[in-house]
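Peer 1: Based on what follows, work out the 3D shape:
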Amino acid sequence: MVKVTAIKNVETNFGHGLLIDIHGHAHPEHLIEIGYVLPDETLSLPTPQINENPDIYSGSSIRSLYTRKSNNIQFADLLYGQTTSFGGRLQSHGYATVPSHIHKYLFKDTKYFHGGYCVQKLPRILRVGNKEKRSTFILALSECIAWFLKEYYG
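Peer 2: Numbers count the residues shown, from 1 in each chain. Take a look at the predicted model:
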């Protein structure tokens, strides 16, 4: 309910916005999992197929962003481009992230949280037991969020 109210408030006051919902997970791969409401099977498709199939972007949680920016960027670049995606930016800070240019998708039969609206899952090591790693990650995540907002939300 709080998310719905927040979303409506942002839409009313700004027209569009970015919602990030962060969770922990215990998947053995220890990747940051960015869920765009796209299953791993979709992420594993060839890039041209991802870019050319409107059902893919229209079913994702970043469909509105892509619709606004589609004249300047391919959908796959928003998903896992090295310099154009949220995952690529986190990966450039040294945090293994899926989807990104390094990890476009996970192997078959690997657990992947594909998200609800716009969901990220943090590996356990970044949530508990290591303040230094958590502090470093928070700085990197903050930079990525600021960059993403500036790049795509003006």
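
Peer 1: right, and residue 47 touches residue 76 too?
Peer 2: Yes - assessed by CB atoms under 8 Å, residue 47 is found in contact with residue 76 at 4.6 Å. Backbone N, C-alpha and C define where each C-beta goes, glycine included.

Peer 1: quick one: which of those two has more around it?
Peer 2: Set residue 47 next to residue 76 and count neighbours by other CB atoms under 10 Å: residue 76 wins out with 23 against 14.

Peer 1: For the more buried one, which three-state class applies?
Peer 2: helix (DSSP: H, G, I helix; E, B strand; the rest coil).

Peer 1: Make sure it is actually in contact with residue 49.
Peer 2: No - when contacts are counted by CB under 8 Å, residue 76 is not listed as touching residue 49 (9.2 Å).

Peer 1: so how far is residue 73 from residue 80?
Peer 2: 12 Å (CB to CB, to the nearest Å).

Peer 1: Who has more neighbours out of those two?
Peer 2: residue 80 (25 against 16).

Peer 1: OK, contacts around that one?
Peer 2: Neighbour list for residue 80: 43, 87, 88, 99, 100, 101, 104 [criterion: CB atoms under 8 Å, 6 or more residues apart in numbering].
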